[in-house]
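K.L.:
whatever this is, show me its structure:
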Amino acid sequence: MLIDWSDEYSIGIPRIDAQHKFFFEAVHRLHKECLSGEGEYVVLETLVFLQNYAIGHFRTEEELMLEYEYPDIQEHADLHAEFLNEYSKFTAELDESGPNQDLAERVGEMVQGWLVDHIAKADMGYARFIEERT
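P.N.:
The predicted structure is shown next:
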């Protein structure tokens with residue numbers, strides 16, 4: 001089941017919140033494309049886009065943490081690397097089996113589940129740290 005963006009996921013840093021919200025929307029688009037049979041090319045394009053978007057988003061977060069000298073930056077960056085490693089398995093699966101409902105649901109569940117958990121724990125931690133210093 002896909003999760004809709006909610007303000008409860010906001011960490012209070014507008015640039016990061018906007019990226020998180022866009023991530024939720026992109027997962028919904030991917031799910032819709034898989035279900036409508038848009039074709040492997042479109043689904044692969046969206047999977048690659050999401051991966052590139054995640055890389056850019058993670059870079060933004062890590063640069064912000066560096067700027068504010070967040071002490072747990074390495075642990076946070078490790079979480080980002082773990083996500084990208086898990087996510088890359090979906091593109092490999094798509095290459096093997098093509099787009100299908102099962103893949104769409106698993107991508108949505110994994111990405112959104114990880115993102116919700118990551119926002120609630122790791123991102124809220126660095127957001128509080130930054131808020132205390134501004």
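
K.L.:
how close does the closest residue to residue 3 other than its chain neighbours get to residue 25?
P.N.:
Computed as Cβ to Cβ, 6 or more residues apart in numbering, the closest residue to residue 3 that is not its neighbour in sequence is residue 112, at 4.7 Å. In this view, the C-beta of every residue, glycine as well, is placed from N, C-alpha and C. Separation of residue 112 from residue 25 (Cβ to Cβ, to the nearest Å) stands at 11 Å.

K.L.:
for the chain, what helix or strand is lowest in average pLDDT?
P.N.:
helix 101-118 (a mean of 81; mean pLDDT, DSSP states H and E).

K.L.:
if you count contacts, what does it end up packed against?
P.N.:
With contacts defined as 3 or more Cβ pairs under 8 Å, 6 or more residues apart in numbering; DSSP states H and E, helix 101-118 has these neighbours: helix 14-35, helix 40-67, helix 73-97.

K.L.:
report the buried residues of the shortest one.
P.N.:
Judged by neighbour count using 16 or more other Cβ atoms under 10 Å, the buried positions of helix 14-35 are 16-17, 19-21, 23-24, 26-28, 30-31, 33-34.

K.L.:
how about low-confidence regions in the chain?
P.N.:
1, 37-42, 101 (pLDDT under 70).

K.L.:
would you list the helices and strands packed on helix 101-118 in a markdown table and tack on distance to residue 118?
P.N.:
Below are those laid out as a markdown table (distance: least, Cβ to Cβ, whole Å):
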| stretch | distance to residue 118 |
| --- | --- |
| helix 14-35 | 9 |
| helix 40-67 | 10 |
| helix 73-97 | 6 |
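
K.L.:
so which of the ones you listed is nearest residue 120?
P.N.:
helix 14-35 (11.4 Å; Cβ to Cβ).

K.L.:
quick one: contacts of that closest one?
P.N.:
2-5, 9-11, 42-43, 46-47, 49-50, 53-54, 57, 60-61, 64, 99-101, 103-105, 107-108, 111-112, 115, 119, 123, 127 (Cβ atoms under 8 Å, 6 or more residues apart in numbering).
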